[in-house]
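Asks: Provide a 3D model corresponding to the input given below.
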Amino acid sequence: MKYLRITTGLGFLIVSALAVLNFEFLKNQFLFLSPDGVIDPDSFLQLRIFLISFSAPGCLLVFYNRVASGLNSLSNSIEGWNSKRFLFIALVSALALRVLAVALIPIQLWADSAGYDYLATNWIAQGGFYYEGEPTAMLPPGYPFLLSRLYLVFGQAPISGAIFNIFLSVGTCYLAYLIARRVWNERVARLTLVIMAIFPSQILFTNQIMTETTFTFLFLFAIWLIIRVDSLKNLGWLSLALAGIVLGLSALTRPLTLTWIPLAALYWFRSRLGPRAPLGLFAVTLIFFAMTVAPWMIRNQRELGLSAISSNGGGNFYIGDNPRSGVGWSIPDTAIFKLNIPALEASNDRLGYSLGWDFIKKNPARFLKMGVLKVAFLYSIDIDALHYEIIRAANDGVTDRYVILAGVTQLFYMFVLALALAGTWKFFTTKELRTPGAYLLLATLAYWAAVHFVYFGFGRFHFPVIPIISAFAAVFVCRCVNTTIGQKISD
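Replies: Model prediction:
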């Protein structure tokens, strides 16, 4: 086993070295990822950064004993701290790092972020969700509405959104701690918080005017509310009602949670609450969820003839499943498929789903093959917070501080991902780790993969589950240093 581990690690290091040297044949090995067989400069730069980051799991495998010793020292250093002192230092450190990111990295409004800024500004000017003077549902309304309220209070400057993201991101770190403590124990929770506090992409996304930070906070808040209800003595009806509302708000930000909700029912069944209680708990959550999203869906039906939160679902589905589709964004070559035209939103949404399903039925093998590649792409790249800077550097042919920062970000992610994969293996092989909450977290990772298997993958789309990945990494660290999961840490 030792020789297999070292040999695999050396293989990763060789791939990393080849990427550093920029061997052209590496580029040719990945041409199949592009629908037209061409890899543009920024995509190749991202590919090189990804392959270079193989050095992280490579070093973990080759120097496992030394890495384990270092992780042991880290774990022991935080074990004896008073809980209040630890939380204060960890959360203040998380806050300081995010403030630095916002202060030092310029905010760039482009692609989706420019769209959110435009819709938020329009919301203030026209008193509603409009595009070019017409009612729209081109994107979910949650984030544009939040941004418009910030602009209304603090002025129409994107910096207000970034500053608000700082507090949401720190809140996400704390929620990750609370979830890990509830699912496993205090020590796992502390390690999860440390990882989240210094996680580069979590820090860098605070200055992105996009949905990721807001959605992740809402989603984790809902998970924490749900896992608090784990026994007949702790039904927490208020928590259930609030969970339904928060899940509704998250769906209005990104509709991913529309089909995630049944996992909550599975969690309650796993918690051995009896045959009837889980259905009742699920019904309460679902009622408050429906009460939150229903007004917006009624508005869309009345104004646009659309039975959905947003009209981009069909478009995204067809973008991921068409003759030119790759692992990421690929505009379909269809003349009748038009984007951002309010009068055609509902019909184009239906058209996108129709064309996508038609493609899948005619090309099942390609759909399955591309689905696997989409999921691989989803969980492979973690530098989208610097995407604008990467494109600029690639087109200019330079390696500047942002490229180096992207490399560090990707290395950290790959190291934590490797630990998380090992933590998942520990989950399956260690009975005491298999708590109902752990099953819910693992099912959420599988659900995320399934959604993007069908649609398409971007690195930033895994952003909301990074807290879960961090928690499983912390689980492995606790186990590899021979820590008893049930061990209590003094306050």
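
Asks: tell me how far residue 65 lies from residue 55.
Replies: Going from residue 65 to residue 55 by Cβ to Cβ, to the nearest Å gives 18 Å. No exception for glycine: its C-beta is placed from N, CA and C like everyone else's.

Asks: my bad, residue 295
Replies: Residue 295 is 51 Å from residue 55, by Cβ to Cβ.

Asks: more neighbours: which of these two?
Replies: residue 55 (22 against 11; other Cβ atoms under 10 Å).

Asks: so the more buried one makes contact with residue 411?
Replies: Yes: counting by Cβ atoms under 8 Å, residue 55 does reach residue 411; the two are 7.0 Å apart.

Asks: quick check: residue 206 vs residue 152, distance?
Replies: 21 Å.

Asks: out of these two, which sits in the busier spot?
Replies: Higher neighbour count among residue 206 and residue 152: residue 206, with 26 against 13, using other Cβ under 10 Å.

Asks: for that one, helix, strand, or coil?
Replies: helix (DSSP: H, G, I helix; E, B strand; the rest coil).

Asks: with residue 319 as the reference, measure out to the closest residue to residue 418 other than its chain neighbours.
Replies: Using Cβ to Cβ, 6 or more residues apart in numbering and skipping the chain neighbours, the partner closest in space to residue 418 is residue 57 (4.0 Å). Using Cβ to Cβ, we find residue 57 at a distance of 31 Å from residue 319.

Asks: cool, and residue 92?
Replies: From residue 92 over to residue 319 (counting by Cβ to Cβ), the distance is 42 Å.

Asks: in terms of neighbours, single out the busier of the two.
Replies: Higher neighbour count among residue 92 and residue 319: residue 319, with 23 against 12, using other Cβ under 10 Å.

Asks: do you know how far that one is from residue 465?
Replies: 21 Å.

Asks: likewise residue 476?
Replies: Residue 476 is 17 Å from residue 465, by Cβ to Cβ.

Asks: quick check: residue 200 touching residue 406?
Replies: No: the pair residue 200 / residue 406 is not scored as a contact, 9.0 Å apart, by Cβ under 8 Å.

Asks: looking at those two, which one has more neighbours?
Replies: Comparing residue 200 with residue 406 by other Cβ under 10 Å, the one with more neighbours is residue 406, at 28 against 21.

Asks: now do the contacts for that one.
Replies: Counting by Cβ atoms under 8 Å, 6 or more residues apart in numbering, residue 406 touches 49, 383, 386, 389, 390.

Asks: between the residues you listed, which is nearest residue 448?
Replies: residue 383 (18.6 Å; Cβ to Cβ).

Asks: quick one, phi/psi of residue 131?
Replies: Main-chain torsions, residue 131, degrees, to the nearest 10: phi -130, psi 120.

Asks: state the pLDDT value of it.
Replies: pLDDT recorded at residue 131 is 87.

Asks: just the strands in the stretch 1-150 of the chain please.
Replies: Counting by DSSP state E, counting those that start in this stretch, the stretch 1-150 of the chain has strands at residues 130-131, 134-135.

Asks: return the most buried member of the ones you listed.
Replies: Burial of the strands of the stretch 1-150 of the chain is given as mean neighbour count (mean count of other Cβ atoms under 10 Å); strand 130-131 ranks first at a mean of 17.

Asks: which secondary structure elements does that one contact?
Replies: helix 112-126 (3 or more Cβ pairs under 8 Å, 6 or more residues apart in numbering; DSSP states H and E).

Asks: pull the residues that contact the helix it packs on.
Replies: With Cβ under 8 Å, 6+ apart as the criterion, helix 112-126 contacts 109, 129-131, 133, 136, 139, 143-145, 147-148, 150-152, 156, 158, 208-211.

Asks: are any of those buried, and if so which?
Replies: The neighbour count (16 or more other Cβ atoms under 10 Å) marks 129, 131, 136, 139, 143-145, 147-148, 150-151, 158, 208-211 as buried among the contacts of helix 112-126.

Asks: pick out the lowest-pLDDT one from those residues.
Replies: residue 131 (87).

Asks: where does pLDDT dip in the stretch 251-400 of the chain?
Replies: Judged by pLDDT under 70, the stretch 251-400 of the chain has its weakly predicted residues at 272-275, 326-343, 392-400.

Asks: that one: helices as residue ranges?
Replies: 262-270, 277-304, 313-320, 345-362, 364-378, 387-396 (DSSP state H, counting those that start in this stretch).

Asks: pipe those helices into CSV and attach distance to residue 164 per row.
Replies: Listed next are those as CSV, based on distance: least, Cβ to Cβ, whole Å:
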stretch, distance to residue 164
helix 262-270, 28
helix 277-304, 21
helix 313-320, 26
helix 345-362, 29
helix 364-378, 27
helix 387-396, 20
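
Asks: from those, which stretch is densest packed?
Replies: When the helices of the stretch 251-400 of the chain are compared using mean count of other Cβ under 10 Å, helix 313-320 is most buried, at a mean of 23.

Asks: which helices and strands does that helix pack with?
Replies: Against helix 313-320 (3+ Cβ pairs under 8 Å, 6+ apart) you get helix 345-362.

Asks: burial measure for residue 454, as a count.
Replies: So residue 454, with other Cβ under 10 Å, has 15 neighbours.

Asks: so it versus residue 52, what's the distance?
Replies: For residue 454 relative to residue 52 (Cβ to Cβ), the value is 30 Å.

Asks: over to residue 124?
Replies: Distance from residue 124 to residue 52, by Cβ to Cβ: 44 Å.

Asks: looking at the two, which is more packed in?
Replies: A direct count of neighbours by other Cβ under 10 Å for residue 124 and residue 52 places residue 52 higher, at 19 against 13.

Asks: hmm, residue 18 and that one touching each other?
Replies: No: with contact defined as Cβ under 8 Å, residue 52 does not reach residue 18; the gap is 9.3 Å.
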